[in-house]
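> Fold the stuff below for me.
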Amino acid sequence: MEKKKNHQLIGSVMAISSGALWALAGLMGQTFFENFHGSPEWITSTRLLFSGIILLIYGYIRQGKALFAIWREKTSVFHLILFAIFGMLGVQFTFYKTIELSNASTGTVLQFIAPIFILLYQVFFLKKKVKPLTIFLVLLTVVGIVLLVTHGDFGHLQISSLAIFTGVISALALAFLPCFQFI
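Okay, here's the model as predicted:
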């Protein structure tokens with residue numbers, strides 16, 4: 001029982017830390033765009049390049065040459081490319097593009113509507129039943145998003161429609177990531 005509590009504590013700390021670090025990355029991205037006139041293309045490619053190098057080094061230390069076995073199967077290569085483009089690149093680039101077009105808070109909030117898309121997939125394609133509380137929470141989220149982008153003035157948007165579009169695409173890309181656990 002004690003081991004289970006430790007795992008729950010570690011999981012909770014990791015979940016909270018990852019959310020906080022993602023928000024910090026958004027704020028740093030916004031600062032980068034405002035003060036150094038950087039671009040989402042540069043920050044995304046640099047982040048992915050350096051994180052990829054770090055992960056390859058770590059993977060090679062842990063797995064040795066077995067790390068490169070994925071390149072031997074065409075279907076694995078295809079899935080890896082799909083994951084890289086629609087998963088990682090899609091999430092990162094659209095997140096930073098949303099921040100460039102609006103701000104870090106909006107980018108983060110829009111990206112984290114991804115669970116709504118996962119829920120919709122489960123309802124329409126997997127025919128799962130949805131609890132009334134879940135429906136209420138989704139509606140509450142949608143109301144919050146509408147208030148965020150209109151500031152309560154429903155006559156016009158407070159951020160560009162392109163920022164909303166890239167934010168929703170970012171959420172879709174984030175929702176797409178779990179698909180790779182089944183491939």
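> can you list the weak-confidence ranges in this structure?
1, 180-183 (pLDDT under 70).
> Going along the chain, name the helices of it.
Ranges of helices within the chain are 2-36, 40-63, 74-82, 90-101, 104-111, 114-124, 132-150, 161-176, based on DSSP state H.
> I'd like to know how many residues surround Leu137.
By the criterion of other C-beta atoms under 10 Å, Leu137 has 14 neighbours. Glycine gets a C-beta too; all of them are placed from N, C-alpha and C.
> same question, Ser76
13.
> which residues does the closest residue to it other than its chain neighbours contact?
Counting by C-beta to C-beta, 6 or more residues apart in numbering, Ser76 lies nearest to Ile70, which is 4.7 Å off, once chain neighbours are set aside. Residues in contact with Ile70, defined by C-beta atoms under 8 Å, 6 or more residues apart in numbering, are Ser76, Val77, Leu80.
> Apply 10 Å and report the result again.
Residues near Ile70 by C-beta atoms under 10 Å, 6 or more residues apart in numbering: Ser76, Val77, His79, Leu80.
> Format those as TSV; extra columns: distance to Leu21.
Shown next, in TSV, are these (distance: C-beta to C-beta, whole Å):
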residue	distance to Leu21
Ser76	29
Val77	30
His79	27
Leu80	25
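> Now the buried members of the residues you listed.
The neighbour-count criterion (16 or more other C-beta atoms under 10 Å) marks Leu80 among the contacts of Ile70 as buried.
> Just name the most buried of the helices of the chain.
Greatest average neighbour count among the helices of the chain goes to helix 90-101 (a mean of 24), per mean count of other C-beta atoms under 10 Å.
> All set, thanks.
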